[in-house]
Each structure stands twice: as C-alpha cells, then as structure tokens.
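Engineer: Dropping the sequence and predicted coords here.
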Amino acid sequence: MGCRRRSLRRRHRGCRQWADGGCCRRRSLSPARSAGYQGNSALSGAAILTAEEMRAAEQAIFDSGVAPYALMETAGAAAADVIWRAGGVRDTLVLCGPGNNGGDGFVIARLLKARGVPVRVAATGESKTDSSQKARRAWAGPVENIADAAPATQIVDALFGIGLARGLDGALAQRLGELVDAAERSYAIDVPSGVDTDGGVLLSPVPRFDLCIALGALKPAHVLQPAAGTFARLICADIGIGANDAKAFLLTPPDLAEPAPDAHKYTRGLVDIVAGTMAGAGILAATAAAHAGAGCVRHLAPEPTSRLPNAVIMVTAPDAGAVTKALQDERIASVLVGPGLGRSDEARKRLSAAVTAGHPLVVDADGITLLEAAPDMLPVGTIITPHEGEFSRLFGEITGNKIDRAREAARRMGGVVVYKGPDTAIASADGRIAVWHGGSPWLSTAGTGDVLAGICAARLAVTGDPFLAACEAVWLHGEAARRAGAAFIADDLIAHIPAAVAARTQ
Ligand SMILES: NC(=O)C1=CN([C@@H]2O[C@H](COP(=O)(O)OP(=O)(O)OC[C@H]3O[C@@H](n4cnc5c(N)ncnc54)[C@H](OP(=O)(O)O)[C@@H]3O)[C@@H](O)[C@H]2O)[C@@H](O)CC1
Ligand SMILES: Nc1ncnc2c1ncn2[C@@H]1O[C@H](COP(=O)(O)OP(=O)(O)O)[C@@H](O)[C@H]1O
Ligand SMILES: [K+]
C-alpha cells in the first residue's frame with residue numbers, strides 16, 4: 001500500500017491545481033482572453049489577494065521603478081480594452097470616485113474616447129490622490145455631477161475599489177443603482193462599489209453588474225458570497241502584479257490519472273463508509289464513492305439495505321464493536337463517517353470506532369456535530385466537510401472572512417477543512433487554501449453534501465493526499481452538477497460523476 005501511495009503522489013506532484021489560472025467564471029470571455037488578460041498558465045491569474053496583499057504587490061512594482069501613475073495607466077488600459085471588446089461604440093458614462101479607482105475611471109474614459117466611443121464622465125467630487133489627479137487632468141473633458149448625470153447605454157463603475165472604508169452614502173448608492181438599472185451593460189472596475197474587498201460582504205446596497213473587471217488579481221470579494229453575487233461575469237485583467245506571496249487561490253480543474261495498468265481493486269483504494277440509522281445519506285455517499293474512482297466500496301450499516309448498487313459491498317455492522325472489527329482491515333485506504341450517522345449514543349460509538357481505526361479519514365454531517373467543538377480529537381490529516389451550521393458548531397466564532405475562518409479551522413484541527421456553500425473554501429493545516437465558486441445553485445438540494453463526502457473519501461483512497469483529494473472532490477462534485485443541469489436530486493448527481501472524472505483524466 002505504501003508503494004501505491006508513493007507512486008500516486010508522484011503522478012500528482014505539485015498539485016497542478018495551483019499552476020492553472022481560470023479566473024473567468026460562467027461564460028467564456030474569449031476576446032479578452034485572446035488579448036492576454038487572463039493567463040491560464042499564470043499562477044498570478046488564480047491568486048486571491050486581500051487589499052493589504054494587493055497593496056504590497058503594487059508596492060513591489062513601484063519599488064522596481066514603475067511609477068504609480070504608469071501602473072494606473074496600465075490598469076485603465078487593460079480595463080478599457082475589455083470594455084471596448086465587450087461593448088464597442090456605445091454611449092458610455094464613467095463614474096469616478098475620489099481615489100485611485102476613480103483615477104482608473106478617468107484613464108478608461110480617455111482611452112475609450114480615443115477609440116471613438118461617446119464617453120461622458122461624472123465624479124463624486126475632487127480627485128484626492130496624485131495619480132487620480134493626473135488621470136483627471138489627462139481626461140480634459142467635462143466632469144458632470146453624478147446626481148444630475150443622465151443615464152447611458154453603458155455604465156462604468158469606478159467609484160471605489162479596494163480602498164472603500166465604509167458603505168456609500170444613501171443617495172450615491174441609490175444613484176449608482178438607478179444608473180446601472182437603466183444601462184444595457186454595466187462594468188465594475190476592480191470591485192463593485194459598496195462591497196467590502198476582504199470581507200466579501202456588502203457595506204451598502206450594490207446593484208448587479210454584467211461584468212466585473214478585477215485588476216491584477218482576484219480579491220476575496222470576487223469569490224465569496226454575497227459580494228460575488230453582485231456581478232454576472234468576472235474577468236481578471238493582468239497588470240503585471242506578481243502574486244508570489246498569495247495565500248489563497250482559485251480552485252482549478254484537477255489532473256486525474258488513470259488506474260495503473262496493473263491496478264486491482266485494492267490498489268485503487270478500498271473505501272469504507274461507516275453509516276448509521278438514516279440509511280439514505282450513507283447510501284448516497286457509498287454510491288458516490290463507487291463512481292468517483294475508488295476500487296472498492298464497503299457500506300457498514302446497522303441494517304442491510306436493498307438500495308445499494310450491486311458493486312458496493314454491504315457489511316451489516318449492528319453495533320460499534322462490529323464496526324471496529326470491520327475496520328481492522330489493512331487494505332482500507334479511507335474511511336468516511338457521518339452521513340446518516342444519527343446523533344445517538346450508538347452513533348457516537350460508531351464515530352469513535354471510525355476515528356480510532358487509524359485509516360485516512362473523512363468526517364461529515366452528524367460526525368462533525370458529534371465532535372462537540374473538539375476538532376482536535378481528529379487524527380492529523382483528517383478531512384472534514386462542514387456546511388455553515390456544522391462549521392459554527394464545531395469551531396464557534398472565528399473572525400475574518402470565509403477564507404480566514406477555513407484557514408484557522410484547518411490549523412486548529414490539523415487537517416483539511418472543506419467549508420461548504422456557494423463559495424467553498426478548502427483549507428489545509430499547512431496553510432494552503434483553494435476556493436471554489438460559481439457552481440450550480442441547483443446543488444442547494446438535500447443530499448448533495450453526502451455525495452461530496454463520498455467523492456472525498458474516494459479521492460482520498462486514490463491519492464492518499466487529503467488536500468489534493470478534497471480539491472479534486474469539490475471540483476468533480478461541481479462539474480457533475482454542471483452536467484446534471486436543472487432541478488436534479490442528489491441521486492441524479494451521482495450518475496454524472498464518471499463523466500466529470502473522464503473529463504479530467506489524462
Ligand atoms: N495603487 C495604485 O497606483 C493603483 C491602484 N489601482 C486602483 O486603485 C484602487 C484603490 O485605490 P484607493 O486606495 O485610492 O482607494 P479607492 O477604492 O479609490 O477609494 C478610496 C477613496 O475613497 C474614499 N472613501 C472610501 N470609502 C468611502 C465612502 N464610503 N464614501 C466616500 N468616500 C469614501 C477614501 O477617502 P476617506 O474618506 O476614506 O479618507 C479615498 O479617498 C484599486 O481598487 C484599483 O482600482 C489601480 O489603478 C492600479 C494602480
Ligand atoms: N447555492 C449554491 N451554489 C452552489 N453550491 C451549493 C449551493 N448551496 C449548496 N451548495 C453545495 O451543495 C452541497 C450541500 O451540502 P450540505 O449542505 O451538506 O447538504 P446535505 O446535508 O443536504 O447533503 C455542498 O457541496 C455545497 O457546497
Ligand atoms: K468600482
């Protein structure tokens with residue numbers, strides 16, 4: 001078994017999740033991509049930087065001899081090019097704030113006008129930074145008052161970016177909303193005005209933009225709800241920012257390996273599902289594991305069931321002692337406990353049997369709740385897959401955004417946290433973080449979490465690497481949902497896992 005894990009690690013060395021970009025979501029933005037704005041192979045394209053990290057990255061550029069205004073020209077040019085390609089010659093109103101985000105707006109206005117776009121500019125007041133004052137002087141056209149500015153076919157929001165310190169005042173937020181609603185196309189420069197860049201929350205009402213043009217790198221607001229829900233599409237414009245110090249990255253499609261030519265079911269990974277009294281959840285998890293690449297899946301439940309696929313081995317384990325005995329099998333490559341476990345004393349004993357068995361472990365659902373705020377009782381390297389409620393029960397209040405909370409939780413438990421939701425943060429105790437977002441909202445249906453837990457267990461059995469397994473599982477789950485279309489139920493989702501696996505298998 002040691003050999004098998006080693007060879008698999010070699011195949012997955014470097015976790016290419018980190019090397020691919022993939023900053024755009026939902027529909028493709030091929031014109032901008034072909035213009036070189038979103039590099040699929042650039043690490044920086046997938047980095048998620050906080051405002052402070054972004055400022056440090058900008059400072060590094062300034063320290064290398066680039067003047068702040070030159071960087072603003074680069075940023076404005078990149079954004080103007082995206083708008084030009086998306087909108088062409090449509091009458092456009094650019095809204096400029098007092099800081100450098102507003103400065104970007106003046107550059108955008110000037111460059112669009114130079115391309116023949118009928119552009120007007122409206123500002124909140126004076127420009128306060130050196131660079132934004134330069135950009136304003138270079139605009140040389142009239143500057144209207146936002147309160148009086150007439151609507152336009154295209155609206156560009158360059159009011160506030162990563163420097164937003166508090167919510168917009170009510171009148172400005174309302175005017176922004178009216179202008180965006182009246183426009184056919186709307187663009188938010190860097191971040192939509194009103195979102196908290198790091199927290200991912202809304203500091204004042206924010207309209208929904210058609211396109212958000214992130215400058216230099218993604219920020220937490222681009223991937224965390226509710227801020228990430230304030231635009232339909234996202235593109236990251238390359239402005240030469242280095243993101244070597246980034247701590248969080250976008251989850252990108254995994255590279256999966258075919259089974260070795262000499263594989264057999266046990267070398268491919270034996271997964272044991274420790275199920276409980278709520279049969280459906282354990283069956284979903286076991287069935288999903290069997291479709292996600294595991295060589296063999298066993299379902300350890302108190303009662304026999306006729307609802308498992310024939311390929312899943314049913315083991316009747318009426319009590320925790322029987323679970324302990326079944327888990328004394330050296331061939332087991334991963335154990336999943338939690339889906340359908342229940343919360344009785346007997347469930348607690350079954351959890352304990354799973355936790356002490358010494359195998360690579362995934363804990364979900366009731367298994368998490370039964371831990372009773374003691375995540376440190378889990379073996380090092382365990383994967384847990386909490387939704388918001390389970391996360392709070394296990395870890396209590398942790399400050400920061402979802403990425404920060406996942407990071408701290410992983411540190412406390414010494415394993416991998418898959419902090420689920422429309423935005424899912426996957427954090428490892430060693431500090432690695434990947435964020436998945438933009439998935440099908442149809443996933444918000446009962447039992448999909450059990451399916452994800454089963455996929456996690458399968459990928460853990462296959463790879464032997466908890467962080468890699470969690471990343472693969474979240475992506476496969478999201479891809480299966482995309483393929484499943486609308487109004488699927490968790491049972492249907494499972495049938496799409498093999499196609500998701502096939503799509504990423506070399
Ligand atoms: N560094 C660079 O050269 C580059 C930076 N780039 C761009 O700069 C952006 C960051 O620029 P930034 O730091 O100037 O902050 P920004 O978001 O424009 O706002 C700050 C201003 O708003 C004010 N203010 C805040 N909240 C407010 C509120 N609710 N209501 C009213 N006012 C409020 C605040 O004043 P305060 O009253 O808080 O003192 C301050 O005057 C970044 O997102 C990117 O677009 C790119 O061009 C690349 C080159
Ligand atoms: N609005 C949404 N958009 C995308 N994914 C979602 C959304 N809501 C939930 N999900 C995903 O669906 C799954 C739900 O899991 P969970 O809450 O544990 O459900 P259950 O307990 O019913 O199985 C998670 O993987 C989560 O990330
Ligand atoms: K903005």
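Structural biologist: Perfect, thanks for sending it. Numbering: from 1, shown residues only. Ligands and ions are numbered 1, 2, ... in the order given.
Engineer: tell me, how many neighbours does E258 end up with?
Structural biologist: By the criterion of other CB atoms under 10 Å, E258 has 12 neighbours. Quick note: C-beta positions are derived from backbone N, CA and C, even for glycine.
Engineer: looking at it, V418 is touching T382, isn't it?
Structural biologist: No - the pair V418 / T382 is not scored as a contact, 11.2 Å apart, by CB atoms under 8 Å.
Engineer: the more surrounded of those two?
Structural biologist: Set V418 next to T382 and count neighbours by other CB under 10 Å: V418 wins out with 32 against 22.
Engineer: From ligand 3, how far off is the more buried one?
Structural biologist: To ligand 3, V418 is 32 Å away according to CB to the ion, to the nearest Å.
Engineer: With adjacent residues omitted, what lies nearest to that residue?
Structural biologist: Using CB to CB, 6 or more residues apart in numbering and skipping the chain neighbours, the partner closest in space to V418 is T385 (4.3 Å).
Engineer: show me what contacts the one you found?
Structural biologist: Contact analysis of T385 by CB atoms under 8 Å, 6 or more residues apart in numbering lists 362-365, 368, 418, 420, 449, 452-453, 456, 470.
Engineer: ok, and what's touching the host helix or strand of R175?
Structural biologist: R175 belongs to helix 170-182 when elements are defined using DSSP states H and E. Helix 170-182 is contacted by residues 93, 95, 124, 146-147, 149, 151-152, 155, 157, 159, 167-168, 186, 193-194, 204-209 when judged by CB under 8 Å, 6+ apart.
Engineer: Which of the residues you listed fall in strands?
Structural biologist: Secondary structure from DSSP state E places 93, 95, 155, 157, 186, 209 of these in strands.
Engineer: What is the burial count for the first one?
Structural biologist: A total of 24 residues lie near L93 under the criterion other CB under 10 Å.
Engineer: confidence score at it?
Structural biologist: pLDDT for L93: 98.
Engineer: pretty sure it is touching A152, no?
Structural biologist: Yes - assessed by CB under 8 Å, L93 is found in contact with A152 at 3.7 Å.
Engineer: Mutual contacts of the two, please.
Structural biologist: Counting by CB under 8 Å, 6+ apart, the common neighbours of L93 and A152 are 120, 179, 183.
Engineer: Contacts only, for the residue of the stretch 401-506 of the chain found nearest ligand 2.
Structural biologist: Nearest residue of the stretch 401-506 of the chain to ligand 2: G449, at 2.1 Å (CB to the nearest ligand atom). Shown in contact with G449 (CB under 8 Å, 6+ apart): 339, 364-365, 385, 387, 420.
Engineer: A56 now?
Structural biologist: By CB under 8 Å, 6+ apart, the residues touching A56 are D245.
Engineer: Count the residues that sit near the residue nearest to P226 when sequence neighbours are not counted.
Structural biologist: Closest residue to P226 apart from its sequence neighbours, by CB to CB, 6+ apart: L202 at 5.9 Å. The tally of other residues near L202 (other CB under 10 Å) stands at 18.
Engineer: of all the ones in strands among the contacts of helix 170-182, which comes closest to ligand 2?
Structural biologist: F209 (19.4 Å).
Engineer: ok, now how distant is that closest one from Q506?
Structural biologist: Separation of F209 from Q506 (CB to CB, to the nearest Å): 38 Å.
Engineer: more neighbours, these two?
Structural biologist: Remark: of F209 and Q506, F209 carries more neighbours, 25 against 7, as counted by other CB under 10 Å.
Engineer: Let's see the pLDDT reported for that one.
Structural biologist: pLDDT, F209: 98.
Engineer: So in terms of bridging, what pairs with it?
Structural biologist: With DSSP bridges applied, F209 shows beta-bridge pairing to F231.
Engineer: Which part of the stretch 351-500 of the chain gets nearest to ligand 3, residue-wise?
Structural biologist: N401 (18.9 Å; CB to the ion).
Engineer: burial of that residue, as a residue count?
Structural biologist: Neighbours around N401, by other CB under 10 Å: 23.
Engineer: per-residue confidence at the nearest residue to K420 once chain neighbours are set aside?
Structural biologist: Distance criterion CB to CB, 6+ apart; nearest residue to K420, sequence neighbours excluded, is H387 at 4.7 Å. The per-residue pLDDT reported for H387 equals 97.
Engineer: and H387, how many neighbours?
Structural biologist: So H387, with other CB under 10 Å, has 16 neighbours.
Engineer: My read is that it contacts V418, right?
Structural biologist: No - using CB under 8 Å, H387 is not in contact with V418; the gap is 9.7 Å.
Engineer: Which positions in this protein make contact with ligand 2?
Structural biologist: For the chain, the residues in contact with ligand 2 (CB under 6 Å from any ligand atom) are 365, 387, 420-422, 424, 439-441, 443-444, 446-450, 452, 477.
Engineer: Go again with 5 Å.
Structural biologist: By CB under 5 Å from any ligand atom, the residues of the chain that approach ligand 2 are 387, 420, 422, 424, 439, 441, 443-444, 446-450, 452.
Engineer: of those, buried ones?
Structural biologist: Using 16 or more other CB atoms under 10 Å as the burial test, the residues of the chain next to ligand 2 include 387, 420, 422, 424, 439, 443, 447-450, 452 as buried.
Engineer: Okay, and the residue of the stretch 401-506 of the chain closest to ligand 2 sits in which element?
Structural biologist: helix 448-463.
Engineer: which element follows that helix toward the C-terminus?
Structural biologist: Downstream of helix 448-463 (by DSSP H and E), the next one is helix 466-484.
Engineer: Kindly provide the whole-number mean pLDDT of that following helix.
Structural biologist: Helix 466-484 comes out at a mean pLDDT of 98.
Engineer: helices or strands next to whatever helix or strand comes next after it in the packing?
Structural biologist: Next in sequence after helix 466-484, counting helices and strands by DSSP H and E, comes helix 490-495. Judged by 3 or more CB pairs under 8 Å, 6 or more residues apart in numbering; DSSP states H and E, helix 490-495 is in contact with helix 279-291, helix 448-463, helix 466-484.
Engineer: any idea which of those helices is most buried?
Structural biologist: Most buried of the helices and strands packed on helix 490-495 by mean neighbour count (mean count of other CB atoms under 10 Å) is helix 448-463; its value is a mean of 31.
Engineer: chain center to that helix, what's the gap?
Structural biologist: 18 Å (CA atoms, centre = their mean, to the nearest Å).
Engineer: likewise stretch 62-76?
Structural biologist: Offset of stretch 62-76 from its chain centre (CA atoms, centre = their mean): 30 Å.
Engineer: Same check on stretch 153-173?
Structural biologist: 25 Å.
Engineer: Buried residues in that stretch, which are they?
Structural biologist: 154-164, 167-168, 172-173.
Engineer: check those against ligand 3, which are close?
Structural biologist: Near ligand 3, judged by CB under 5 Å from the ion, the entries from the buried residues of stretch 153-173 are D157.
Engineer: right, and R411 touches A429 too?
Structural biologist: Yes - R411 is within contact range of A429, at 5.6 Å (criterion: CB under 8 Å).
Engineer: what's the closest of the shared contacts of L93 and A152 to ligand 3?
Structural biologist: Nearest to ligand 3 among the shared contacts of L93 and A152: L179, at 12.9 Å, using CB to the ion.
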